[in-house]
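Q: Here is a sequence with its predicted model. Questions after.
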Amino acid sequence: MNTKVLFFLCITAFLSRLLLLFQDISLWWDSFVYLSMAKYLASAGTLGLWEHIRPPLLPFLLSVGELVGNAIFFNFVLQVLLSLGCCIFTFLIAKHHFSARAGIFAFILVSWSSIFFFLTSQAYTEILAVFFILLGYLLYLKKYFFSSGLSLGLAFLAKFPSGMFFLIFLLILFFTFRSHFFVPSLFLSAGFFLPLLPYFLLNFIFYGSIVLPFVEGNNVIHQVLGCNTLFKKSWWYYVEALWHAQPLLYLSVIGFFLSFKKLFKKLYSKQIIFKHLLASRNSKGEIDVRKIVAFAMRKNGILILSFVVPLVYFTALPCKDERYILFFLPFIALFAGEGIAWITQGIKKSFCGVAILILFVSILFAHADVHERAVLSKNSSEDQVAHLFSEEHFSGTLLTTHPRLATLHQGRVVTAYYPVYNNTLALQLLDTLLVLSQNNEHFIVYLDTCSGGMICPLWDAQCSAMNQEIFSFVKKNTKLIYQEETPRCTYLLGKSV
């Protein structure tokens, strides 16, 4: 029965994702970055661009798609398969901790939560990272510690904050094995660092430091103008984001209550009182609270921490983004699935009807959300620029404030926005334009003040002045292919004459 239901859900999830191919969904900024990085790898550094603060696993995988000639479609297939894997792993974890019924509901809640479903259409790293996190979680439950660590290492290379799960698993190992902690922790650590060693070595070779991408990435995430200033979120943002992702996730409160109730029931049963409370007395005859905490951690600690730690970490970051909820979404879905299973336990004959109703509503909700996002993120000006740029078949140097053109360009790319746009980068962009012009080199320049790549910090007056000089230079010294100015945005595409 469970196998048939799981198979049905997988087929439904696969087909509903195929429908995304027939919707006009624009790729977001980071998607163009990772596709351009894949182009860089596939061309051995001659095409595309490279942002060293980005995790390398997704660009590495997408470089295969670049080599076969269609990285965008390859990414879509990859994201669909990874998302299905995430849903299946969520079901199996829920089945282990709770029940198959809870797993079925958790599968539905994850698969058709709005942001998770939408990101299937994007080249983002979150689904890839969550896939390896959940795989590592399952392998940990089966006590395959080396394989679990290896999976978490790959998750880290997909998205650096995934490393927190390695620390969570180490902590649970300590509470579980205590005096025998060394051997399983050694296997977990060996697996985790195995895929990281080549990455650290390459960092040292190219940048002179194994930690440079993490240090500079941390600096950038605190300086990004969009999420830190223009679209700054409140500290309770993720509570609201969960409602938008899937309102039924709020039923996780019931699942939490039931889980703690079961834990306390075990803890205070006659056997546990005798075995743990009396055995937990220290040399002075006092009850050792630490041993009771250790018992609680061994029972449900890994599941609770896998939800709480990512939530606290991303809440503490000043830069908040809806897609970050994917790191704790499967775990809160487990508790929500348990809550729904408890609510419906008295209607066994109607279980399939309830599941189908939730499935149907979730699918409609997810597709409506995708349509809304597609409409809101559509930018006809950017599309027009990309179309005109493709028609030029230009092969000289490209200076761009947006990564989209880097995916189309068959030549050298100079990014004017990376890592954070300010007066320093504005000056570098102007100097580069002057040098290329003086040397009579062929170049094409794209300036976009709308998408964030060329927006100056509000306190940086020098940057704004430099922008005016850049626009004046481009208008006077290039042949304009496209020009559009609105009250908020300016688009300029020009090539050397």
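A: Noted; the coordinates are in hand.
Q: okay, CA-based contacts and neighbour counts for the rest of this
A: Noted.
Q: got the contact list for Asp24?
A: Residues in contact with Asp24, defined by CA atoms under 8 Å, 6 or more residues apart in numbering, are Ala374.
Q: any idea how far Ala374 is from it?
A: 7 Å (CA to CA, to the nearest Å).
Q: Thr12 now?
A: 22 Å.
Q: Next: Ala102.
A: 32 Å.
Q: residues in contact with whatever helix or strand Ile127 lives in?
A: According to DSSP states H and E, Ile127 maps onto helix 126-141. Here helix 126-141 makes contact (CA under 8 Å, 6+ apart) with 58, 79, 82-83, 85-86, 89-90, 92-93, 116, 119-120, 145, 147-152, 154-156, 158-159, 162, 165, 323-324, 326-327.
Q: now, which of those lie within helices?
A: 58, 79, 82-83, 85-86, 89-90, 92-93, 116, 145, 147-152, 154-156, 158, 165 (DSSP state H).
Q: Which one's more surrounded, Ala102 and Ala374?
A: Ala102 (26 against 17; other CA atoms under 10 Å).
Q: pLDDT of the helix or strand harbouring that one, averaged?
A: Assessed by DSSP H and E, Ala102 sits inside helix 100-111. The pLDDT scores in helix 100-111 average 96.
Q: Show me what that helix is packed against.
A: Applying 3 or more CA pairs under 8 Å, 6 or more residues apart in numbering; DSSP states H and E, one finds that helix 100-111 makes contact with helix 2-18, helix 71-97, helix 329-343, helix 351-377.
Q: For Trp28, which of the ones you listed is the nearest?
A: helix 351-377 (8.0 Å; CA to CA).
Q: helices and strands around whatever helix or strand comes next after the closest one, which ones?
A: Following helix 351-377 in sequence order, the next helix or strand is helix 380-392 (DSSP H and E). Judged by 3+ CA pairs under 8 Å, 6+ apart, the packing partners of helix 380-392 are strand 478-485.
Q: could you check the angle helix 380-392 makes with the strand it packs on?
A: 160 degrees (axes from the mean of the first three to the mean of the last three CA atoms, to 10 degrees).
Q: Next, the buried residues of strand 478-485.
A: Within strand 478-485, the residues that count as buried by 16 or more other CA atoms under 10 Å are Thr478, Leu480.
Q: thinking again about what came up before, could you dump the helices and strands packed on helix 100-111 to a markdown table with distance to Gly217 and mean pLDDT?
A: Listed next are the helices and strands packed on helix 100-111 as a markdown table, based on distance: least, CA to CA, whole Å; pLDDT from 0 to 100:
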| stretch | distance to Gly217 | mean pLDDT |
| --- | --- | --- |
| helix 2-18 | 32 | 93 |
| helix 71-97 | 24 | 97 |
| helix 329-343 | 24 | 94 |
| helix 351-377 | 26 | 92 |
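Q: Kindly present those helices as a markdown table, with separate columns for distance to Phe200.
A: A markdown table is the format used below for those (distance: least, CA to CA, whole Å):
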| stretch | distance to Phe200 |
| --- | --- |
| helix 2-18 | 36 |
| helix 71-97 | 26 |
| helix 329-343 | 30 |
| helix 351-377 | 37 |
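Q: tell me the most buried of the ones you listed?
A: helix 329-343 (a mean of 26; mean count of other CA atoms under 10 Å).
Q: OK, contacts around the residue lying closest to Lys95 once chain neighbours are set aside?
A: Nearest non-adjacent residue to Lys95, counting by CA to CA, 6 or more residues apart in numbering: Gly103, 5.4 Å away. Counting by CA under 8 Å, 6+ apart, Gly103 makes contact with Thr90, Phe91, Leu92, Ile93, Ala94, Lys95, Leu334, Gly337, Glu338.
Q: nearest spatial neighbour of the third one, skipping sequence neighbours?
A: Just to be clear, that refers to Leu92. Gly103 (6.7 Å).
Q: remind me which residues of the stretch 301-450 of the chain are low pLDDT?
A: Within the stretch 301-450 of the chain, the segments meeting pLDDT under 70 span 346-349.
Q: again, 80 this time
A: 346-351, 395, 419 (pLDDT under 80).
Q: secondary structure element for Ala190?
A: Element membership for Ala190 (DSSP H and E) is helix 182-193.
Q: For that helix, could you pull out the residues that count as buried?
A: Taking 16+ other CA under 10 Å as the criterion, helix 182-193 shows Pro184, Ser185, Phe187, Leu188, Ser189, Ala190, Gly191, Phe192, Phe193 as buried.
Q: quick one: contacts for the last one?
A: Think Phe193. Taking CA under 8 Å, 6+ apart, one finds Gly149, Leu150, Gly153 in contact with Phe193.
Q: which one of those sits closest to Leu258?
A: Ranked by distance to Leu258 (CA to CA), those are led by Gly149 at 30.2 Å.
Q: Give me the distance between the closest one and Ile115.
A: Taken as CA to CA, the span from Gly149 to Ile115 is 27 Å.
Q: One more: Leu248?
A: Counting by CA to CA, the gap from Leu248 to Ile115 is 14 Å.
Q: The two: who's more crowded?
A: Ranked by neighbour count (other CA under 10 Å), Leu248 and Ile115 place Ile115 first, with 24 against 20.
Q: Isn't that one up against Trp243?
A: No. Counting by CA atoms under 8 Å, Trp243 is not a contact partner of Ile115; they are 11.1 Å apart.
Q: So, low pLDDT: which residues of the stretch 151-300 of the chain?
A: 177-179, 222-232, 260-300.
Q: if you set the cut-off to 70 instead, what comes out?
A: Ranges of the stretch 151-300 of the chain meeting pLDDT under 70: 225-226, 228-231, 263-299.
Q: returning to what we had before: so which of the contacts of Gly103 would you say is closest to Asn423?
A: Thr90 (46.6 Å).
Q: since we're on Ala416, how many residues are nearby?
A: Ala416: 27 neighbours (other CA under 10 Å).
Q: next one: phi and psi at it?
A: phi -90, psi -10 (degrees, to the nearest 10).
Q: Please report how far it lies from Ser496.
A: 17 Å.
Q: shouldn't Leu109 be in contact with Pro247?
A: No. Checked against CA under 8 Å, the pair Leu109 and Pro247 is beyond contact range at 9.2 Å.
Q: Compare these two (neighbour count), which wins?
A: Neighbour tally, Leu109 and Pro247, criterion other CA under 10 Å: the higher count belongs to Leu109, 30 against 14.
Q: Quickly note the distance from the nearest residue to Pro56 once chain neighbours are set aside to Ser43.
A: Once flanking residues are discounted, Pro56 sits nearest to Leu157: 6.0 Å by CA to CA, 6+ apart. The span separating Leu157 from Ser43 equals 21 Å under the rule CA to CA.
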